[in-house]
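1. Build me a model from this:
(chains A and B)
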Number of protein chains: 2
Amino acid sequence: MSDAYQKLLELNRQLQLLRDAEAVLSWDQETQMPRAGVEWRAEQMAFLGGEIHRRATAPEVGDWIAACEAGACNPESGECANIREWRHDYDRATRLPTSLVEEFEKTRAIAKSAWAEARAKSDFGAFAPHLERLVALSRRKIECWGHDACPYDALLDEFERGERSSELRQLFGGLRKDLVALVEEALEREPFDDSRIAGQNYPVADQARFNHEVAEAIGFDFAAGRIDTAVHPFCTGVGPRDTRLTTRYDETDFRSSLFGVLHEAGHGLYDQGLPEDLHSQPVGRAVSLGVHESQSRLWENHVGRGRAFWEHWLPRAAEIFPHLAKVTPEEMFRSVNQARRSHIRVEADEVTYDLHIMLRFEIETAIFDGDLAVADIPGEWNRRFEDFLGLKVERDADGCLQDIHWSLGIFGYFPTYSLGNLNASHLFAAALGRKPGIETLLARGDYSGLLGWMREHIHRPGSRWLPRDLIARAAGSPATPDAHLAHLRERYLES
Amino acid sequence: MSDAYQKLLELNRQLQLLRDAEAVLSWDQETQMPRAGVEWRAEQMAFLGGEIHRRATAPEVGDWIAACEAGACNPESGECANIREWRHDYDRATRLPTSLVEEFEKTRAIAKSAWAEARAKSDFGAFAPHLERLVALSRRKIECWGHDACPYDALLDEFERGERSSELRQLFGGLRKDLVALVEEALEREPFDDSRIAGQNYPVADQARFNHEVAEAIGFDFAAGRIDTAVHPFCTGVGPRDTRLTTRYDETDFRSSLFGVLHEAGHGLYDQGLPEDLHSQPVGRAVSLGVHESQSRLWENHVGRGRAFWEHWLPRAAEIFPHLAKVTPEEMFRSVNQARRSHIRVEADEVTYDLHIMLRFEIETAIFDGDLAVADIPGEWNRRFEDFLGLKVERDADGCLQDIHWSLGIFGYFPTYSLGNLNASHLFAAALGRKPGIETLLARGDYSGLLGWMREHIHRPGSRWLPRDLIARAAGSPATPDAHLAHLRERYLES
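-> The predicted model follows:
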């Protein structure tokens, strides 16, 4: 290894130590910090963020990367992946002038409060000027970054390396027609009465115990992780062997925290499966949000909402929550796979979820293609929403004001949710197809086969390949809508 | 304010942001971190510690301090105190060569493990060579730092700014004679049978509830603080409005965690009472360990082990722990003020505690005066221990191997425990003497009078004056043994 490469490794070690310190401070803020600590914590986060940026973008870093690029390197190697990602990150970070970064930060801090207020009053007009500013600043960022075909790709690249809107348009286009029909049919089914499950008493401590058992059973390592309570559940890795999940509890329904924990533990399993010794190198990190979300959705939906899961776990749940003794696994299965019309994305069931995402993707791309003005978002949102879901939007608070993302200047993130769903179904089908033993194990409540396959094909490779290539190598082809549609049909129509 | 002064303020802000990040990481490690996180966390702490040291000792910092010293400044002002402390800290930090600091860190890391093993086997000989090395390295540190009268003063200064061993010798000498006699007399009293209090069932959640109520009542602000569980209880401030206490629980006796919380909350009240706006400046920080310990011992002993406390709180305790209904406040008071012979410092009652400390002080000063060789410590310890407490030491594990301090190369720390006791009694007597209303309020369970006095005279001044001057300004004179002896007599002989 060259001297320049060694210097980059050491820089990366230091940056990772700082980033992980930031992650601990952030986790602490969400789960532990007394409320009066908030101002000083904000100063700390800004200071650490500035330090990290300053070190990562120093001129000599560019020289080191150039020196690495000048040398030879096996394109299949981890070294090559590191150099590729260093170049990518360095260019993205250094192409933005500091003044633009600062203006963006200031604008979004103000926009976030304006959004919260606008949503409370369902007043899009009050939020629109802020959104205009964030869109304009994002356009300037795109110009600085540059792009090949479509400006939106430069935004997308922040969350899904190498992804393009043209590919996504095709992928989502293929999904959309079948999905709208599938949703319609699913919505026509007789609703399942789950009043024997919902609206009962589920003490928090008992839920926590059950969730812990389930998380441990699917393979989450509690010697290197923990679960806490947070208002907005998340999973964060704060070190190579320290992964922290959070959940929230509904004392009238244990399923809310259970599926939350399965989802976050799915993220956590990915985090715990990344190569420890490469923790501070680009090649050792999770490859993209769309792949991360495939792991959370895999354990939440494919495993956790499956028949086999409830045949195995319902007896144990009934030991902890005795009134569940009257519920059959089949009933539980039906209850957790029901289609419902909902305005709110985060409350959507698995079958309608992707329609919420595609709507957002279409609106975001239209904005950055210059085909949609900010002022026209509500009309466009409501028209499409009724098209997709057959539901009128009466208030923007339940429509285009519902998500926090845009108020933070985050564009290009939403599509990764659906990519996650498609990847999850695609990978699950591939794993079961290639190793039929996995399904037998799952029926016995043994998750080692499925986890082992994901460890080998998804977790351990880290960022050696770009997301699309990783999926193709793992499953034999990139994700298409087929496996996902088949999965939804089986869950929502054929059961 | 001069340009140099401004630069130092900004440097201090940045250093404090980093130090507080370190404090969060350390708190997290003791209370939350999964065990597999330990190696990466150690790397983070070392990295942050190195960053802080590098910034604090940069050559331009010395120039800025010199520029400030060259200007005029009111000796009573906060600016003057800042400049005084900047000079002190800078000189202490820069006078040690990096090679010495590194050697010390390495030596103590090894010594700590060796001590743990030696203590387990009660084998002083196995620890002695490590202790020799730490003493030799500490002598080199003393040489680098310099000292006026006594080499030990240079060590003491790390924990108790401006304190001198000659003064301590005089202070402890005055205490010792009377205290040995007092202890003897206290030990002759009929032991109180507290089997109706100890050895009962006190569920952790109930203890936590009671402790929370008590901590809140004495003034601990839970909007700016919290209590967690830790193996070795401590209090740490991680920001100007974020103070974290820890305790541990004994399910057979609620008094252990209660007095632990009163002690740590005493530290916490000091922390919460420091001037927020000066948080990152030397003048805004706690002035010394001996003053910090005065605040913890004040609330633990003077308040918490007092008659008035139990007259007020026992009825509430009996609501939570019903079997306490059979205990009278007088009995509870007796039970928490009993003298017992003990080999172990951390298990010692209030009346014998200072004898444990004086023994250590005498041994430490003898070592650094060159009057005692490391090999002779056990003999010297055991001889003095029997002198002081009338108890033979059979095993070094219960004698000179019991404390972790020396294995960490910490010399000069022990005397601050007794200084804390003397300061606590001195300040408590002064507060009650000057504001007789405080005592009336205490009898009603109203702690605002006492806290208000401490806020005004001890907390808010921060580090404006050196510890001894602070106490003298607050109480009219520096601490003498008188108030403490009177307090112990009243608690242990006259009750």
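
2. chain center to stretch A:153-171, what's the gap?
-> 15 Å (Cα atoms, centre = their mean, to the nearest Å).

3. likewise stretch A:13-23?
-> For stretch A:13-23, the distance to the chain centre is 21 Å (Cα atoms, centre = their mean).

4. does any bit of that stretch sit next to chain B?
-> Yes. For stretch A:13-23, a contact with chain B is found by Cβ under 8 Å from any Cβ of the partner chain, at A:14, A:17, A:18, A:20, A:21. Where C-beta positions appear, they are placed from N, C-alpha and C, glycine not excepted.

5. And the next helix or strand past the host helix or strand of residue A:449?
-> Per DSSP states H and E, residue A:449 falls inside helix A:448-454. Downstream of helix A:448-454, the next assigned helix or strand under DSSP H and E is helix A:467-475.

6. and the stretch 1-150 of chain A, which residues reach chain B?
-> Residues of the stretch 1-150 of chain A lying near chain B (Cβ under 8 Å from any Cβ): A:14, A:17-18, A:20-21, A:24-25, A:28, A:32-37, A:39-41, A:43-44, A:47-48.

7. So which of those are in helices?
-> Judged by DSSP state H, helices contain the following of the residues of the stretch 1-150 of chain A next to chain B: A:14, A:17-18, A:20-21, A:24-25, A:28, A:39-41, A:43-44, A:47-48.

8. Skip the chain neighbours and tell me the closest residue to the spatially most central residue of chain A.
-> Centroid-nearest residue in chain A: residue A:293, 4.2 Å away (criterion: Cα atoms, centre = their mean). Excluding the flanking residues, the one nearest residue A:293 by Cβ to Cβ, 6 or more residues apart in numbering or on different chains is residue A:420, at 2.4 Å.

9. these two touch, right, the one you found and residue A:299?
-> No. Assessed by Cβ atoms under 8 Å, residue A:420 is found out of contact with residue A:299, at 11.8 Å.

10. before we move on, back to that, of the residues of stretch A:13-23 next to chain B, which is the most crowded?
-> Using other Cβ atoms under 10 Å in any protein chain shown as the neighbour criterion, residue A:21 leads those with 26 neighbours.

11. Find me the pLDDT at that one, would you?
-> On pLDDT, residue A:21 comes in at 98.

12. try residue A:453
-> 98.

13. do residue A:231 as well
-> Reading off the model, residue A:231 has pLDDT 91.

14. what sits against it?
-> By Cβ atoms under 8 Å, 6 or more residues apart in numbering or on different chains, residue A:231 lies in contact with A:30, A:248.

15. Likewise for residue A:122?
-> A:395, A:396, A:397, A:398, A:401.

16. The second one contacts residue A:123, doesn't it?
-> Spelled out, it's residue A:396. Yes. In terms of Cβ under 8 Å, residue A:396 counts as a neighbour of residue A:123; the distance is 7.5 Å.

17. Neighbour count: those two, which is higher?
-> residue A:396 (21 against 16).

18. Give me the nearest residue to the more buried one, chain neighbours excluded.
-> Using Cβ to Cβ, 6+ apart, the closest residue to residue A:396 is residue A:124 (4.4 Å).

19. mind listing the strands for the stretch 101-250 of chain A?
-> Along the stretch 101-250 of chain A, the stretches classed as strands by DSSP state E, counting those that start in this stretch are A:225-229, A:235-239, A:242-247.

20. Helix or strand next in line after the longest one, which one?
-> Spelled out, it's strand A:242-247. Immediately after strand A:242-247, counting by DSSP H and E, sits helix A:254-273.
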